[in-house]
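K.L.:
Pasting the sequence and the predicted coordinates here, then a few questions.
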Amino acid sequence: MLPFIEHFPVLIVVISLLSSVTILVVGWINRKASYFIFITTIVTQFVASIFLLAHVLTRGPIRYWLGGWKPPWGIEYVVDALNAYVLVILLFLAFVCGIYSKKKREHELPQKVVSFYSVFQLLITGLCGVTVTGDIFNMYVFIEIMSIAAYALIGSMGKIGKVALKASFTYLVLGSVGACFFLIGIGLLYSVTGSLNMHDLSLLLPPLYGNRVVQAAFAFFIVGLSIKMALFPLHTWLPDAHAFAPAEISAMLSGIIIEVSTYAFIRVSFSVFTINFLRLLPILDILCWVAGGAIIAGSLMAITQMNLKRMLAYSSVANMGYIMLAVGLSISVTSEPWNGLTPALMHILNHALMKGCLFLVAGAFIYKADLWLINDFRGLGRRMPYTCAAFVVAAISMIGIPPSVGFVSKLYIVLAAIEAKKIVFVAIILLSSLLNLVYFWRVIETMYMKRAEGEEHSTSTHVSKDEAPFGMLAPILILASLCIIMGFFWLAKVPMPILNQINNMFGLVKVP
Amino acid sequence: MECLFTMILAKYNYWLSVILMLIGLYAILAKDNLVKKIIGLNIFQTAIFLFFISLGAVKGGTAPIVSQEMISKGYVYVNPLPHVLILTAIVVAVATTAVALSLIIRMNEEYGTIEESEILEKLKEPGT
Amino acid sequence: MKEDKGERSIVTETISRVMIPFIQLFSLYVIIHGAVGPGGGFQGGVVFGASIILYITAFNLTDGRRRFPESASIVLSSSGLYLYAGIGLLSILFSAGVAQYLNYGFIPLSGQFEQNRALGMELVEIGIGLTVMAIVASIFFDLAHKAEPKNKKEETD
């Protein structure tokens, strides 16, 4: 007798798919109702995912066979602690972006509101599907659903964002090539083992670790997923895609879409090719060096940008470097509490919060005052006090000042690097914190310290407040306050049981 | 020499697939017209599909359609699983091509051209 | 599309008139026989969509729009998707917690478990065929729509 909660993995994906079509049908009749259905669905999914996380932590992973057919012949949905954790993060960020998007869509694109929400719901379907599935070809299909929805959404800004069309086209070509590499990897694995189920592959692959086909398959997986997650040499689509996309899509793109690709990378490396394979070849060492390059290159290129969203996009490139550095150090680190995958998973949550807040603030600036370039932000600190305060909090978190959330993840990565005896990476992280300070300080200085044009010599301190509307301000303030509150939670080690369970599952803890 | 010969001839399906993939990648990178880039992407994806389907070939196998005659006489049939996977992948490729073509149409409306070099020049102009 | 030139090609129109019903019948055959031979929902849906595209190419776009209006594409694609996902949800409901999603055997369509399963699969394929047909036709309509020529570049937006 299955308790109802075991149906939740599938239900989260299916109600998202159904609601995407329902939004289209209902919106054709009545435009306002489409937003209501959109928000209701996301809230339902978010609540379901929290119940799912609680269930998985207490009772163990859920194995769900679609159609009653046993794996490896049937498709299986496996939800363990890693899945449920990423699912909660992504649905929370989708919920926040959904609340934010109401005012903005009506201002910018009044005639395309219904199709925007429908495609946004399809994007969430793809994201949820990537997270819950336990079959590797099913993961390819959902990665493509998520990517196609993202291509359509990035290019949806109308006349203002016509630059985004070219960027979306570049993302389409590069992203499809990356997904095709993922498909080649699946084909190579299928040709030597005959199975597509992740758990089954992890049992069938160990005798074949020396086989060139398996090693080539792993190389294809890494390259394909690196294109999707914008890891350093393959990141060129990301800044252009961010520069003129709608703000909440930028928040979803940097906060969730590239992070779900890092989740897919962790899942493929640690669940399919287990850590024994990763210990055989120096894969993770090379990954650490590439990630180090990503951190420095991203931070350096962010300093030279004039457009705020492009600067934040290069900052995302650097943060994907942090996550990949933490993944690369994971097998050589065993002392609590920064062992195994803990720093990487911690940074997935933290980056989603910080970058989501930053991009939503950038969107608020564009909505209120149509400001894209940093030099135009003069005097904004007085005109939009709450929004700029949220920006300062999120920037403090990105730089890594205690007790914010960014500080905790950088601390754990540095401690992991020290224990793995790779001091170079400690130097790289500290240098990148300094570079973060340089480019964020530039923005903060322009916002607060410089007076607006035309007010250069006025001495009155009365400036009219022109704050962003409450529907946009609330998500920004929620995310900014979470940046600090979650920092305290991480320092008090409140979410550690989740991460310890994940490390145990992958065998990354040293058995005493 | 014989070893090299058999190595190339026996695995001709993989070689053909790789050559097609490289042709597709060349078209994506080197062609200026955006529609030709999408055609190159389609060639690349088709090459991967051919690679995948050729994995399922069985020597002397017939089409995997179940019938009483096949069961009673014990015919050998090719592996149908790669075929099913590639059907799904073809659907994905069709959807990607549809989105790409609609993006090209929008770019043509906005910029008046679909040559990539001209679009890049228009992007460099101040005011965009 | 020959709407503005006023030319009509008798050969193309007659052959399309003869062929289109057979193409549609063949697409229904492909959808239903997907379980035991090559075919299935997506393939049959694309063939049906191809018949609509043939109609548009042989006659003109406005005639095609008249026969396949926008409301039809929204209604057909959404009903196909409701059929597809709805049967899966019904199978959870009817199995009352015993079985997993997509075990169509529990839907009370006919007497036996295995027949229910086969019928459920066929209904899902029909749903997929409907959606794919509507989407393929609507993609073609959107791509074939002529853009208004721009007179001047307006910098107001």
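P.N.:
Perfect, I can see it now. Numbers count the residues shown, from 1 in each chain, chains lettered A, B, ... in the order given.
K.L.:
contacts and neighbour counts: CA atoms only from here.
P.N.:
OK.
K.L.:
Look up the closest residue to whatever residue of the stretch 251-400 of chain A ends up closest to chain B, ignoring the ones flanking it.
P.N.:
Nearest residue of the stretch 251-400 of chain A to chain B: residue A:372, at 12.0 Å (CA to the nearest CA). In space, and not counting its chain neighbours, residue A:372 is closest to residue A:307: 5.8 Å by CA to CA, 6 or more residues apart in numbering or on different chains.
K.L.:
how about that neighbour, what does it touch?
P.N.:
A:243, A:372, A:373, A:374 (CA atoms under 8 Å, 6 or more residues apart in numbering or on different chains).
K.L.:
Touching, the first one and residue A:306? I think so.
P.N.:
This points to residue A:243. No: in this structure, residue A:243 is not within contact of residue A:306 by CA atoms under 8 Å, at 10.8 Å.
K.L.:
Who has more neighbours out of those two?
P.N.:
Each of residue A:243 and residue A:306 had its neighbours counted (other CA atoms under 10 Å in any protein chain shown), and the higher figure belongs to residue A:243 (23 against 14).
K.L.:
Which residue ranges of chain B form strands?
P.N.:
Counting by DSSP state E, chain B has no strands at all.
K.L.:
Would you mind naming what in it lies close to chain C?
P.N.:
Chain B comes close to chain C at residues B:64, B:65, B:66, B:91, B:98, B:101, B:102, B:105, B:109, as judged by CA under 8 Å from any CA of the partner chain.
K.L.:
For residue C:60, see how far away the nearest residue to the third one once chain neighbours are set aside is.
P.N.:
Ranked by CA to CA, 6+ apart and with sequence neighbours excluded, the top spatial neighbour of residue B:66 is residue C:36, at 6.4 Å. Taking CA to CA, to the nearest Å as the measure, residue C:36 and residue C:60 are separated by 38 Å.
K.L.:
Contact residues of chain B facing chain A?
P.N.:
Counting by CA under 8 Å from any CA, the residues of chain B lying close to chain A are B:38, B:41, B:45, B:48, B:52, B:55, B:85, B:88-89, B:92, B:95-96, B:99-100, B:103-104, B:106-107, B:110, B:123, B:128.
K.L.:
Select only the buried ones of the residues you listed in PyMOL?
P.N.:
Of the residues of chain B next to chain A, the buried ones go into a single PyMOL selection, burial set by 16 or more other CA atoms under 10 Å in any protein chain shown:
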select buried, chain B and resi 38+41+45+48+52+55+85+89+92+95+96+99+100+103+104+106+107+110
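K.L.:
Helices - which of the residues of chain B next to chain A land there?
P.N.:
Applying DSSP state H to those, the entries found in helices are B:38, B:41, B:45, B:48, B:52, B:85, B:88-89, B:92, B:95-96, B:99-100, B:103-104, B:106-107, B:110, B:123.
K.L.:
before we move on, what SS does whichever residue of chain A sits closest to chain C have?
P.N.:
Nearest to chain C, among the residues of chain A, is residue A:67, at 4.1 Å (CA to the nearest CA). Assigned by DSSP: H, G, I helix; E, B strand; the rest coil, the conformation of residue A:67 is helix.
K.L.:
How many residues are close by it?
P.N.:
19.
K.L.:
my guess is it meets residue C:95, correct?
P.N.:
No: applying CA under 8 Å, one finds residue A:67 not in contact with residue C:95, separated by 11.6 Å.
K.L.:
And the pLDDT at the residue nearest to residue B:66?
P.N.:
As predicted, residue C:36 sits at a pLDDT of 78.
K.L.:
same question, residue C:4
P.N.:
In this prediction residue C:4 is given a pLDDT of 52.
K.L.:
With adjacent residues omitted, what lies nearest to residue A:380?
P.N.:
Counting by CA to CA, 6+ apart, residue A:447 is the residue found nearest to residue A:380 once chain neighbours are left out, at 5.0 Å.
K.L.:
For the one you found, which residues are in contact?
P.N.:
Neighbours of residue A:447 in contact, by CA under 8 Å, 6+ apart: A:377, A:378, A:379, A:380, A:381, A:388.
K.L.:
CA atoms only for the helix-or-strand element of chain C with minimal mean pLDDT - export them in PDB, please.
P.N.:
Comparing helices and strands within chain C by mean pLDDT, DSSP states H and E singles out helix C:61-67 as the least confident, with a mean of 85. As requested, C-alpha coordinates have been extracted for helix C:61-67 and formatted as PDB (Å, rounded to 0.1, in the frame of the first residue of the first chain):
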ATOM      1  CA  LEU C  61      -3.000  30.600 -46.400                       C
ATOM      2  CA  THR C  62      -6.300  32.300 -45.700                       C
ATOM      3  CA  ASP C  63      -8.200  29.300 -46.800                       C
ATOM      4  CA  GLY C  64      -6.100  27.200 -44.600                       C
ATOM      5  CA  ARG C  65      -6.600  29.600 -41.700                       C
ATOM      6  CA  ARG C  66     -10.400  29.400 -42.200                       C
ATOM      7  CA  ARG C  67     -10.400  25.600 -42.000                       C
END
